[in-house]
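**Student:** sequence first, predicted coordinates after that:
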Amino acid sequence: MDNTQKDSQNPIDGDSNNSQKQMSLGPDSNQNDDTVNAVNDIQRSDSDQMLRNQDEQMEPIVGKLTFKARLKNRLRAFWDNKILRYGTISAIVIITVVLFAVPVVRYGLLNAVGVKAKASIAITDKDSNQPLKKVKISIGEISTETDESGNAALSQLRLGRSTLTIEKLGYETVSREINVGLGKNNFDPVTLKSTGVQIYIRLFDWLTGQVITEAEAESGENSAFANQEGLILLTVPPPSDDKPYKVNLIADNYLTKTVEIGQSNIIDNKFEMVASPSRYFVSKREGKFDIYRSDLDGKNEQVVIKGTGNERDDLRFSVNPGNNLAALVSTRDGDHNESGYLLSGLHLVDLEKAELDWLDLAERIELVGWINEYLIYVRVGAADSGNFPQRQQMVSYNTKTGESKVIAATDSFNDVLATHGQIFYATSDSFKENPEPYFFRVDPTGVQKQVVINRVTWNIFHPNYDKLVFQTNDSKWHEYDLEDNTTQQLDGSPGGLNSFIFSNSPQSRKTAWVEQRDGKGVLIVKDLHSNEEKIVHKAPGLTLPLHWIYDDMIVFRVSNDQESADYVINIDGGAPKKISDVSNIKGILRWFYY
C-alpha cells in the first residue's frame, strides 16, 4: 500500500479541508510534517494574540471597582493572613494599655469622649466641730454649696488634675490641687478656721429651763449649730460699723426668735425659746366674747374672731387636737325661732385663716367630741318630744369633705359620750311603739353600728380609760371593756363611781384627765403603753378643758375666786406657767338630760 492510502486511512486531527490540503502536498512525508508543524505554530500564535486582546479588554472593567469593594477585598486579605491579623491586634492592645497607664493620657482620652465624674466633701467648723452650711465648694468650673449637714455633692466633673476651692465669709479660704478619678470621689472632710468674730450662744426652753441641744443660729449668710452641750459658736464677718448683730435663733418645734447682739457682748448670750403651737381661747375682756390667739408664753396676742354681742354666756368652744380647726356653739348670729327663742348656731372656725363656716342651727347644740377629722354633736329641736320622736339628732360632720350625716336620732338621749374612736349612746324608751335596742356604739361614719345591750340604759360612766360602767332599768350594773368590746354584769353597785373626760396626746401615747380630790383639781397623766399613772399638778380650781402641746405639754385651766386663766405645764417636770387670763368657756362636757 502506498503512502497516499495510509494517510487517507489515518487522517490528522483537524477539519476535512486541512486534510485535503495536506494530501495535496504530495507524496513526500517529510514535507508533510513540516507543513503540519507550521500550521500548529500559526494556530498557537493566533490563540496567544487572542488571549492578549481579551486581557486588554478586561483591564478597564477591573479598574471600575468601588472603594467599598476594594476595601472589603483588602480586609479579607488582611483577615486571611493570620500573622498580619494577630500581630496588628496585639500591637493595638499593647498601645492601649500603655496609653491608659499614663493618667494624663487616660483622662484626656476619657474627657474627649465625654466621661464625667462625681465628688462629695464635708465641711466643719474647726473650733466647734459642727457642720457648716452654705459653704461654697468649687472644683474646676463646677460649684455648689454645703447643705444643712455640711455636705456637698458635685457632678459633671472633668477627670484629672483640678483645683478644689472652699469659701465662706468669716473663714479662711482653702485651695488645693486634687485628682478627680473615675466614678465618685469621696474627698476627706475639711475643717475651716475662723477669721471673723465668734459669738457664743445658748438656748433654753422657756417652760422647763432645759438647754436646747438641737438648735441653730443664723446671721446673714453665716450659721452655726449647737453642740451636745447646747453651745452655738456663730462666726460672723468682722464688723464694718458699730451696729449690733441681728441673729435668728432656730430650733425644731420652737418659734423662731430674732435677737440683736452687741459687739461688746459676744461671749455669753442666753435666750429662752417658746414652743411653736399657738394657744386659742375666748375672752370677754373687751365686752364681747372674742376668740384670741397667743404664743404659749402669752405674748403676741391678737383677736382671731370678733364677737357680735349677741352671745349668751353658755357658749361652747373646742379646738380639734389634730389641726387648727375649732367648733364654736353660740348665739352670735342672733337668730330666733317663731316663739322668739334665741337659737344656737354651730360654726367651724379656721383658726389660721380667721374664718367662720356656718354648720347648723337649733334650739340647743351640745358638742360630744372630736374623732380625728369628725366633729360629733347633738342638735336638739324645739318641738315637744311627743310630737316629734326624733327631736334629738346626733350628727357627724367630716371637716375634710364637708359632709354632714345624722348617725342617730331619738326623742331623747339618756347619755352620750365619745371615746376610743367610737360614740356610745343610750336612748330613752319614751314614745316607742315597737321594742328596739337601747344602748349602742357607732363609728363616726355611722356605718359600723352595734348593740351594746338591749335594755334601757340610764347612765354611762367612764371611770377608767379602758372601761365603761352603766346601769340598766332593771337596776343592774354592767361593765364594758373598751379594748375587747365585751360586756359583763357586776355583782353589785360599784362604790365611789366617777366619770371623766379623757384627752389623748397627739400620738395617742398618753391620756390625761382631771379629778377632784380634797378640794383641788388634780391633773393626772397615764402612759398608755406602760399603764403607769402620775399626778402632774394639783391646784384649787384646776379644771377642763385640757389641750395637749406635742406629747409632753398640757394646757389646763384654773377657774376660782381669784382668777380664770390658762396654764401650761411639761408633764416630765417643772412648775406650770400662766399663759393668759380667759373667760371660763367650756368645750366638751359630760352629757346631761335635755
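**Tutor:** Great, that's in hand.

**Student:** helix/strand/coil for S396?
**Tutor:** strand (DSSP: H, G, I helix; E, B strand; the rest coil).

**Student:** that one reaches T445, doesn't it?
**Tutor:** Yes. Under the criterion of C-beta atoms under 8 Å, S396 makes contact with T445 at 6.9 Å. Using the backbone N, CA and C atoms, a C-beta is placed for each residue, glycine as well.

**Student:** mutual contacts of the two, please.
**Tutor:** Shared contacts of S396 and T445, defined by C-beta atoms under 8 Å, 6 or more residues apart in numbering, are found at 374, 405, 407.

**Student:** just the buried members of these?
**Tutor:** Neighbour-count burial (16 or more other C-beta atoms under 10 Å) is assigned, among these, to 374, 407.

**Student:** just the closest of the shared contacts of S396 and T445 to N560, please.
**Tutor:** Y374 (34.2 Å; C-beta to C-beta).

**Student:** quick one: that closest one and E403, what's the gap?
**Tutor:** Y374 sits 10 Å away from E403, taking C-beta to C-beta, to the nearest Å as the criterion.

**Student:** likewise for G446?
**Tutor:** Noted for G446: a distance of 11 Å to E403, by C-beta to C-beta.

**Student:** tell me, how many residues neighbour Q488?
**Tutor:** The local packing of Q488 (other C-beta atoms under 10 Å) involves 8 other residues.

**Student:** which helix or which strand is home to it?
**Tutor:** Following DSSP states H and E, the helix or strand that holds Q488 is strand 486-489.

**Student:** quick check: mean pLDDT across that strand?
**Tutor:** pLDDT averaged over strand 486-489 equals 96, rounded to a whole number.

**Student:** could you do stretch 128-143 as well?
**Tutor:** Looking at stretch 128-143 alone, the average pLDDT works out to 93.

**Student:** and the end-to-end length of it?
**Tutor:** 25 Å (C-alpha to C-alpha, to the nearest Å).

**Student:** dump the residue contacts of the residue nearest to W591 when sequence neighbours are not counted.
**Tutor:** Of all residues not flanking W591 in the chain, V416 sits nearest, at 4.6 Å (C-beta to C-beta, 6 or more residues apart in numbering). If you count contacts by C-beta under 8 Å, 6+ apart, V416 has them with 366, 368, 378, 394, 423-426, 460, 591.

**Student:** now the residues you listed as a markdown table including neighbour count, pLDDT and distance to T487?
**Tutor:** Rendered in a markdown table, the data for the contacts of V416 read as follows (neighbours: other C-beta atoms under 10 Å; pLDDT from 0 to 100; distance: C-beta to C-beta, whole Å):
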| residue | neighbour count | pLDDT | distance to T487 |
| --- | --- | --- | --- |
| E366 | 22 | 95 | 26 |
| V368 | 23 | 97 | 22 |
| V378 | 21 | 96 | 24 |
| M394 | 22 | 96 | 21 |
| I423 | 25 | 98 | 17 |
| F424 | 23 | 97 | 12 |
| Y425 | 27 | 96 | 15 |
| A426 | 26 | 94 | 13 |
| I460 | 23 | 94 | 12 |
| W591 | 19 | 81 | 20 |
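
**Student:** flag the shaky bits of the stretch 451-594 of the chain, pLDDT-wise.
**Tutor:** Confidence mapping of the stretch 451-594 of the chain against pLDDT under 70 gives the ranges 592-594.

**Student:** ok, which stretches of the stretch 351-500 of the chain are strands?
**Tutor:** Ranges of strands within the stretch 351-500 of the chain are 355-362, 364-371, 374-380, 392-398, 404-410, 413-419, 422-427, 439-442, 449-453, 457-464, 467-472, 477-481, 486-489, based on DSSP state E, counting those that start in this stretch.
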